[in-house]
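> Predicted model follows, preceded by the sequence.
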Amino acid sequence: MGPIDDVGVPLPSTLNYSILDKKKSYESDKICNQLAEDLSDYYDVFEFCENLTGIIKIFNNLSLSGQFQEDSCTIVKFWMYDRLFKLRNRKQSVNDDINKIILNLKENFNDKVKECNLFDFPYVKEDFDKMKSVYDYATNYNTIENYLYDNNYICNKNLKSYISKNYEIYINMKNNCSTGGIKNMIYCKVLEKIKGVHIKENPPLSCEVKHLDGSNNRKDQYMAQTEEEPSKNLEQKISVPFEDIIVAVIFPLLGIVFLFFTFYKFTPFKSWLKAHLLKKKINEDYEGEEYIDKYLNENYNKYGHHIHYDPL
């Protein structure tokens, strides 16, 4: 199983470049030190050189994937040019032209692989990127087509974008190269490489984006709704009219007063209340008197002076 791209399916082109990234030779210090010195304006030249040397050593035994697995030469060239354009220049933010790098590489590697010309691709990044996009798309085409067939032509948004973007580049390149201009001869070589691959044009390969997060959307909506409910209830509580508060408080009080008045006026409750209050007052007066007497007696016993009569 190859590395999984964010398109949701293992792409042969990605697998191939990953395999080549891991091929290194640690016995090429002399060549790589000299190359790093000659290309001192660039970072990571020594590491790139070790990588390229490792690939060249096992060139005839490379095992690659995809539509063009037998064409190791072209795959290695796309890998090599892509890595060269990615070398960071110490003086420039963008490495658009690798002409100087290629000239130095030729001096050391031009005859290392006799059956493959490593240096016949465009040296300008814009042209190379278009070539690589179309070649990689052709490499991955059957894999993507089979994947979509097995999945009822359902895909994620990244795969849909990958298909439409690269198909557009393919059509534009095909139209431009049909003019036969000398300027486009190298640029159009990739079309010769992939003409054996049937890239559908009418209709083109396509798929529908399946919203796998549909249930999550419903869940999110539910969570949002439940989060809104407390705030709505709070707003409703806060926004209760003041008149309603008055009605809720005054009416019960008026009812209590009315009931009390009715009992007091038209029932024996009036006589009972008077007798109860009178009895309570008498008891309180009596208890008060007892307390006073007790208090006086205690103080008298504590502080009173006893008179003794002593005989002469």
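Arrived safely, thanks for sending.
> what does the helix or strand hosting residue 176 rub up against?
Using DSSP states H and E, residue 176 falls within helix 157-177. The contact list for helix 157-177 (C-beta atoms under 8 Å, 6 or more residues apart in numbering) reads 5-9, 130-131, 133-134, 136-137, 144, 155, 184, 187-188, 190-191, 199, 201, 204-209. To be clear about C-beta, it is placed using only N, CA and C from the backbone, and glycine gets the same treatment.
> Now the element after that helix, going C-ward?
Following helix 157-177 in sequence, per DSSP H and E, is helix 189-194.
> which parts of that following helix are buried?
For helix 189-194, burial by neighbour count (16 or more other C-beta atoms under 10 Å) applies to 189-191, 193-194.
> Can you name the residues in contact with it?
Helix 189-194 is contacted by residues 67-68, 71, 74, 131, 134-135, 138, 173-174, 177 when judged by C-beta under 8 Å, 6+ apart.
> Quick check on these: which are buried?
Buried among the contacts of helix 189-194 by 16+ other C-beta under 10 Å: 67-68, 71, 74, 131, 134-135, 138, 173, 177.
> quick one, strands of this protein?
Ranges of strands within the chain are 154-155, 208-209, based on DSSP state E.
> hang on, the earlier thing: just the contacts of helix 189-194 now: which is nearest residue 25?
Nearest to residue 25 among those, counting by C-beta to C-beta, is residue 74 at 21.7 Å.
> one step back: could you give me the PyMOL selection string for whichever of the contacts of helix 157-177 are buried?
Filtering the contacts of helix 157-177 down to the buried ones (16+ other C-beta under 10 Å) takes a single PyMOL command:
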select buried, resi 5+7+8+9+130+131+133+134+136+137+144+155+184+187+188+190+191+199+205+207
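> Can you show me the helices along the chain?
With DSSP state H as the criterion, the chain has helices at 12-21, 29-38, 45-57, 72-85, 99-109, 125-150, 157-177, 189-194, 214-238, 242-266, 269-303.
> so what's the nearest residue to residue 66 once chain neighbours are set aside up against?
Nearest non-adjacent residue to residue 66, counting by C-beta to C-beta, 6 or more residues apart in numbering: residue 12, 3.1 Å away. For residue 12, the contacting residues are 2, 64-67, 69, 139-140, 143, by C-beta under 8 Å, 6+ apart.
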